[in-house]
Each structure stands twice: as C-alpha cells, then as structure tokens.
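Student: Sequence isn't available, so here's the structure alone:
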C-alpha cells in the first residue's frame with residue numbers, strides 16, 4: 001500500500017511540476033514585451049513618469065499603460081532619450097577606434 005501512495009504522490013508532483021513549467025514559460029515570454037508596471041486592468045502602477053502613460057480619468061488620477069507590446073518598453077523610462085542616443089553613438093565610436101588601434105598594433109591593414 002505504501003508503494004501505491006508513494007507512486008500516486010510522485011504522479012501528483014510531476015503534474016504540478018508540468019503546470020508550473022507552463023506558467024513560468026508563459027511569464028518569461030510575456031515579460032519580454034509586457035510592461036511590468038501594467039496591471040491586469042491595463043492601469044499603470046509605476047510611481048514615476050513614463051512616456052507610455054495615458055490619463056484614463058484625470059479626476060481620479062488614474063493612468064493607463066499605452067504600451068502596446070511592439071517595442072522595448074525599457075527606454076520609455078529614460079528622462080533624456082537623446083542623451084541615450086548620443087551616448088550610444090559615442091560608445092560605438094570608441095569601440096571602433098579601439099578595434100582600429102588593435103588592428104594597427106597587430107600589423108593588419110586598416111578597414112574603411
């Protein structure tokens with residue numbers, strides 16, 4: 001009798017494990033496109049300004065999340081997006097300059 005109980009218990013654990021695996025898999029996929037501050041009613045719960053916030057009810061001070069899942073929402077939190085673009089361009093230039101110096105030090109022909 002104990003073997004049957006142990007087997008039934010293990011089957012239940014396996015079933016629960018499969019259910020949680022599916023749940024975690026779905027959460028991981030949605031976390032790549034859904035803003036983490038958007039609740040199930042599409043209201044924004046962020047305690048900071050985001051460019052995706054839309055006033056749902058100005059009198060009630062409610063904000064909805066305007067994020068539609070088609071872009072990387074993380075850049076919406078930046079207060080100075082142009083600064084990010086400048087920094088990204090500067091980083092690219094620094095990387096290219098460093099790669100050029102490495103090529104020259106190795107005695108390779110410079111590219112472009």
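Tutor: Sure thing, it's come through. Source: prediction; values computed, not measured.

Student: which stretches of this structure aren't confidently modelled?
Tutor: Flagging of the chain using pLDDT under 70 yields the residue ranges 1, 58, 69-82, 109-112.

Student: got the domain boundaries for it?
Tutor: 2-77, 78-112 (automatic domain parsing).

Student: For the shortest one, what is the distance to the chain centroid?
Tutor: What it means is domain 78-112. 26 Å (Cα atoms, centre = their mean, to the nearest Å).

Student: State the distance from the spatially most central residue of the chain to residue 13.
Tutor: Centroid-nearest residue in the chain: residue 32, 4.4 Å away (criterion: Cα atoms, centre = their mean). For residue 32, the distance to residue 13 equals 29 Å [Cβ to Cβ, to the nearest Å]. Just so you know, the C-beta spots here come from the backbone N, C-alpha and C atoms, and that holds for glycine as well.

Student: Same check on residue 101?
Tutor: Taken as Cβ to Cβ, the span from residue 101 to residue 13 is 58 Å.
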